[in-house]
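>>> fold the stuff below for me.
(chains A and B)
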Protein chains: 2
Amino acid sequence: MDVAGDLAGRVPHRHSIATVALGGTLGEKLAAASAAGFHGVELFEPDLIAAPLAPEEVRRRLADLGLVLELYQPLRDIDALPPERFRRRLDLVRAKFDLMRRLGARMALLCTNVSPDAVDDDDLAAEQLSAVADEARSRGLTVAYEALAWGTYVSEYDHAWRIVERAGHPALGVCLDSFHILARGTSLDGIAAIPAGKLFMLQLADAPRLRMDELQWSRHYRCFPGQGAFDLETFLARVLAAGYAGPLSLEIFNDIFRQADPFRTAVDGRRSLLWLQERVGGQTPSTDARTPAPLAGGDLRGFAFVELNAPPETTGGVGRLLTGLGLRRTGLHRSKPVELWEAGEARILVNSGRRAVPAPGQFAVAAVGLDVAAAEPVAQRATALRAPLVPRHRNWDEADLVAIEAPDGVEIFLCAEGSGWRGDFDPCPGEHPFGAKARLTGIDHVALGQPLTLFHESVLFYRSLLGLVPLESQELASPNGLIRSQALTGEAAGETVRFVLNVPVLGGGRALARPAQHVAIRSADIVETARAVSAQGLSVLPVPGNYYEDLAARLGLDAASLETCRRGNILYDEDSAGRAMRHCYVTSGQGGVLFEIVDREPGYTGYGAGNALVRMAAQATR
Amino acid sequence: MDVAGDLAGRVPHRHSIATVALGGTLGEKLAAASAAGFHGVELFEPDLIAAPLAPEEVRRRLADLGLVLELYQPLRDIDALPPERFRRRLDLVRAKFDLMRRLGARMALLCTNVSPDAVDDDDLAAEQLSAVADEARSRGLTVAYEALAWGTYVSEYDHAWRIVERAGHPALGVCLDSFHILARGTSLDGIAAIPAGKLFMLQLADAPRLRMDELQWSRHYRCFPGQGAFDLETFLARVLAAGYAGPLSLEIFNDIFRQADPFRTAVDGRRSLLWLQERVGGQTPSTDARTPAPLAGGDLRGFAFVELNAPPETTGGVGRLLTGLGLRRTGLHRSKPVELWEAGEARILVNSGRRAVPAPGQFAVAAVGLDVAAAEPVAQRATALRAPLVPRHRNWDEADLVAIEAPDGVEIFLCAEGSGWRGDFDPCPGEHPFGAKARLTGIDHVALGQPLTLFHESVLFYRSLLGLVPLESQELASPNGLIRSQALTGEAAGETVRFVLNVPVLGGGRALARPAQHVAIRSADIVETARAVSAQGLSVLPVPGNYYEDLAARLGLDAASLETCRRGNILYDEDSAGRAMRHCYVTSGQGGVLFEIVDREPGYTGYGAGNALVRMAAQATR
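Numbering: from 1, shown residues only, chains lettered A, B, ... in the order given. Next up, the predicted model:
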């Protein structure tokens, strides 16, 4: 079976993507859609007009790439017009239908009229749509009528359906677009009332919740399912329950996708459909076998390690930094230039043998290891979701670890129980530098700066592969520009795995191409830890006195606690229930990676976002 | 007099800028404001909290920089609260007022309550504001109350004034913020009803017309006066007529400014105030003498020339290109490696001796010459508006030309009548390559790609210095991302001077750092010109057949006209009145600069924006 899945009524659903969702030229868009495994495309008219390919060539290109032309889009401002204007528009429709035949397209998308010329008359609309459908039928084509959220008179899918019903034409049905329906919050109950045979097309788009005009929201901020805030699972389930048998098609207008690599974007889009189908139930991302479920609950056990890419000239400094932080070098890899450093459950690998090198004199987070119940299912899942596995290079007696490459190149290692990866390290003797009270206990979170064009893909990567859940995102004002910070968390057995993705809101600008990475390590007593860190000669990022004055004024912290924080350069935050989080930052002087020490009271789930401006201002060297 | 102007009632108006309007650290923001000639600043609280400077140090820094601390901002969610909550907030207010004394601030900004805890009770609001004002007065401070457009109950300035009036407290007045008032379209008639003594503060911000939630619009898209679509002239005139005597202060939240160089942004902001004051009347940008008016109407005569920076290895190719376009080399500069090429009124200078060099093997637009009635007034105006003049290097017997440097580095030369700049060129003999019918007649427009961070500044530069008028901007989808295209025009005697600024909507991305420049040359008969250009061996940018099929379907162009366009790769557009524009592009094979040939029917004022996608797709080599 070359189609994805076999749900509700044993009807296969092809996967499709609109060419407008992808950057590049038409030729690149089609190649990218095919390479990502899509079965079909919607052809956005301006993409065709600007292309040097004749319609017959497009048809051949599609055939060569194994793509069905699901939809030609859009016909605009045609229904419900004064008769004379309609007659002229019908000439245009005929020309476009002739073109569609040459393209091998079978269905045209007709959007509800948004022009001020439109007439508020459902009978007229039904009559004119019938005339359009007559033209379509005479050429073996069909027409899908879609309610735009900003249609002059027809802006709801159930209204569009009433007009289609009134027309009663065999070549006329409806197209449901999740954006228009979910953006307006229209009840989904009307979907079941539409006969399956009249559900001609389904366009899927997610979007962040924004308070703006629907047109602007729709044209600039749509994203793939799983990357926004819409409940697409319920929506898709309703449409499938109504018997929809056509393709699942991604129609995405997104400013960032427009300037991204179309081949990456297409894979990202396909992953979103595979993931969404799985969530809706029954369907599995791979077509041949049942794909293992994402890591969640018991299968994810916590952070195994964070691996630093530390070229030889940096390892001395990194070692001093880790010692100063209270980690101890506990192991040397038997065959690779990798050191293991530990404190409690916090484990850092220092790898001086990686081929890719960060900026001169700097080190970077290269990999994050996660403890999992079993690794092989995650690898299978990655393959099914078209995420690249990192090639394995190991000796016969070493642990066989699976790693997946995240969009930004960071490798996610899956350390299965019994994989025995620590056995690859020869133990080093030595004393732990800190007393028990100051000792670090584990990794709290890893923050990874993302270039603008990888942000959406990264969110879906962590969500779909590892089962992490995105929290609400924050906007943080740094001296170099605005940063969007997106946390994703997974409840592991006994601990929470937390990632934070930071992305510049606008690309370009100063020092924003890739915001810094940081590694946050937990302490059970940050005051003791900060004291011990300072005693080791490391410098804690200085916190301005103004910050503590504001803290006192805002939160009424008692003088002693305040003074303790001030002395340790410790930042403080509390949630609405009064649960506190204390944290501080240690500067390495080697850029790129910042270390954070975190002490959270049980139940505090945030990251001290309000303190980020203090960190970022202190980091700004200018 | 160290303050700007002396209008309405002979009251000086200091110029101020909010620190939130500028990128960088607090230290940089203050230095930038001072360097740009501002007299004062509003201190945005988060900027202080994140700064390593104690309040007393900030006070000293301000004094050293000659800046007044006009406003400490903002106090939030304090008015109209349930009594118990208000008592706790009053503690915060006291702490902040103590801080303000240490800072040397005299006025606090208090925004109307936006929290769901707010109570809809003007009496309560007045009573609580009085209590806050008591605290202020006891410390020698005042409080300015400002209606936020999204205030829970108080969202209009006249409502805020009624509450202030009810409070009747000497230390309490209103702050008017142009954004909140103009975004909502509130009537300005209420301004005159506020006694001058109660107009405590005036914040000025422009913004593009966007259909989105006011909060989001306000926090991300404000810009300096003259860069958006608001009628700030009328607004400011009304406020000044009401007797306002305080500073004109720029409170701008703009994502792009946040990541731009604060020193550039500050100069841009100051220019906007100088320009706005001039527009409102009476005031002049310079404080010592009357500044010459911007070029407009008769003082601007048209394009004198476009100068290409063509390093020696490119001049052969550029010469072939210009010859192919039907220009003839008519002059050689007497002392510099510059050639003059002409056809009709179209003049291109080819300069192979410029120091700054474009990308290897490429040439670029380095300067644009404008014919003006007199150059010196423009130079004086540039100096008053803080735009840099280009240093002059000339021999004693050569024309003395004034040039201003545009934000992107392109130089705008002002060629006064009688400057005799063409006399610096020794004439070259030769025949014109094209017949009279095909001959080019003049420069139609120059399109200059801008990096994202220079866009606003560039719009105001052309508007404030040269008196060009921005038209509505367009968004154009290129294969590499979305481009915003902003045309600015000036009616010259007998012709229109047109500039187009193209900027990527997002930074980063592929090939978007700086979109291409192009030079558009007018032809009276584009069919003949395109034929002659082809005969000269140049290649006209190919236009897909799909484009012509769409044109036929959309506009019903007759078959012969269509075929003529198709044969010449000529693009076609018409406006709503049926006036047409035909244009085509000539590729140089040397990147960077594209030449366009334009044939506009009288009255057509656009640029064929609908055809841009065809051009950009053809340009995309991928």
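>>> from chain B, how far out is the residue sitting furthest away from the middle of chain A?
For chain A, the residue at maximal distance from the C-alpha centroid (C-alpha atoms, centre = their mean) is A:Glu84, at 47.9 Å. From A:Glu84 over to chain B the distance is 14 Å, taken as C-beta to the nearest C-beta, to the nearest Å. Placement of C-beta: from N, CA and C, glycine included.
>>> ok so that residue is a strand residue?
No. Looking at A:Glu84 with DSSP: H, G, I helix; E, B strand; the rest coil, it is helix, so not inside a strand.
>>> could you export stretch A:253-260 as PDB, CA atoms only?
Provided in PDB are the C-alpha atoms of stretch A:253-260 (Å, rounded to 0.1, in the frame of the first residue of the first chain):
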ATOM      1  CA  PHE A 253       1.300  30.200   4.600                       C
ATOM      2  CA  ASN A 254       4.300  30.900   6.800                       C
ATOM      3  CA  ASP A 255       6.900  33.700   6.300                       C
ATOM      4  CA  ILE A 256       9.600  31.600   7.800                       C
ATOM      5  CA  PHE A 257       8.900  28.500   5.600                       C
ATOM      6  CA  ARG A 258       9.000  30.700   2.600                       C
ATOM      7  CA  GLN A 259      12.600  31.500   3.200                       C
ATOM      8  CA  ALA A 260      13.700  28.100   4.400                       C
END
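>>> can it be said to contact chain B?
Yes. Shown here: stretch A:253-260 in contact with chain B (C-beta under 8 Å from any C-beta of the partner chain) through A:255-256, A:258-260.
>>> now do the strands in the stretch 251-400 of chain A.
Along the stretch 251-400 of chain A, the segments classed as strands by DSSP state E, counting those that start in this stretch run A:300-309, A:328-333, A:338-343, A:346-351, A:364-372.
>>> each with direction, which strands does the fourth one pair with?
Sheet neighbours of strand A:346-351, with direction, are listed as strand A:300-309 (parallel), strand A:338-343 (antiparallel) (DSSP bridges).
>>> show me what from the stretch 51-200 of chain A comes close to chain B.
Counting by C-beta under 8 Å from any C-beta, the stretch 51-200 of chain A sits next to chain B at A:51-55, A:91-92, A:95-96, A:99.
>>> rewinding a little: kindly reformat the strands of the stretch 251-400 of chain A as CSV and extend each row with mean pLDDT and mean neighbour count.
Below are these laid out as CSV (pLDDT from 0 to 100; neighbours: other C-beta atoms under 10 Å in any protein chain shown):
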stretch, mean pLDDT, mean neighbour count
strand A:300-309, 94, 24
strand A:328-333, 96, 18
strand A:338-343, 96, 22
strand A:346-351, 97, 23
strand A:364-372, 95, 23
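>>> turn those strands into a markdown table, columns for distance to A:Ser16.
Shown next, in a markdown table, are those (distance: least, C-beta to C-beta, whole Å):
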| stretch | distance to A:Ser16 |
| --- | --- |
| strand A:300-309 | 33 |
| strand A:328-333 | 47 |
| strand A:338-343 | 45 |
| strand A:346-351 | 42 |
| strand A:364-372 | 34 |
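>>> give me phi/psi at A:Leu92?
phi -60, psi -40 (degrees, to the nearest 10).
>>> count of residues packed around it?
If you count neighbours by other C-beta atoms under 10 Å in any protein chain shown, A:Leu92 ends up with 19.
>>> find me the pLDDT at the residue most central in space within chain A, would you?
Taking C-alpha atoms, centre = their mean, the centroid of chain A lies closest to A:Val459, which sits 2.6 Å from it. Note for A:Val459: predicted pLDDT of 97.
>>> A:Ala289 too?
A:Ala289 is given a pLDDT of 45.
>>> same check, this time on A:Ala618
81.
>>> give me the low-pLDDT residue ranges for chain A?
A:1-11, A:282-298, A:493, A:508-515, A:589-591, A:621-622 (pLDDT under 70).
>>> domain parsing for it?
A:4-280, A:297-619 (automatic domain parsing).
>>> turn those domains into CSV, columns for distance to B:Leu370.
Shown next, in CSV, are the domains of chain A (distance: least, C-beta to C-beta, whole Å):
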stretch, distance to B:Leu370
domain A:4-280, 34
domain A:297-619, 30
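>>> ranking the ones you listed by burial, who's on top?
Among the domains of chain A, ranked by average contacts under mean count of other C-beta atoms under 10 Å in any protein chain shown, first place goes to domain A:4-280 (a mean of 21).
>>> pull the distance from that one to the chain's centre.
Domain A:4-280 sits 23 Å away from the centroid of its parent chain (C-alpha atoms, centre = their mean, to the nearest Å).
>>> same check, this time on stretch A:431-442
37 Å.
>>> got the contact list for that stretch?
A:302-303, A:323, A:325-328, A:343-346, A:495, A:521-525, A:528-529, A:531-532, A:536, A:597 (C-beta atoms under 8 Å, 6 or more residues apart in numbering or on different chains).
>>> state the distance from the residue in the stretch 251-400 of chain A that chain B sits nearest to to A:Gly326.
Scanning the stretch 251-400 of chain A for the residue nearest chain B gives A:Gln259, at 2.9 Å (criterion: C-beta to the nearest C-beta). According to C-beta to C-beta, to the nearest Å, A:Gln259 and A:Gly326 sit 44 Å apart.
>>> same check, this time on A:Glu596
14 Å.
>>> check A:Phe263 too.
For A:Phe263 relative to A:Gly326 (C-beta to C-beta), the value is 45 Å.
>>> quick one: contacts for the closest residue to A:Arg270 other than its chain neighbours?
The spatial neighbour of A:Arg270 that comes closest, neighbours along the chain excluded (C-beta to C-beta, 6 or more residues apart in numbering or on different chains), is A:Ala36 at 4.4 Å. Counting by C-beta under 8 Å, 6+ apart, A:Ala36 touches A:17, A:263, A:266-267, A:269-270, A:386.
>>> A:Phe461 contacts A:Ala387, correct?
Yes. Counting by C-beta atoms under 8 Å, A:Phe461 does reach A:Ala387; the two are 6.5 Å apart.
>>> shared neighbours, these two?
With C-beta under 8 Å, 6+ apart as the test, A:Phe461 and A:Ala387 both reach A:Arg271.
>>> my guess is A:Val119 meets A:Asp79, correct?
No. Taking contacts as C-beta under 8 Å, A:Val119 lies outside contact range of A:Asp79: 9.3 Å.
>>> gap between the residue in the stretch 51-200 of chain A that chain B sits nearest to and B:Ala552?
Going by C-beta to the nearest C-beta, chain B is nearest to A:Ala95 of the stretch 51-200 of chain A, at 3.6 Å. Using C-beta to C-beta, one gets 7 Å for the distance from A:Ala95 to B:Ala552.
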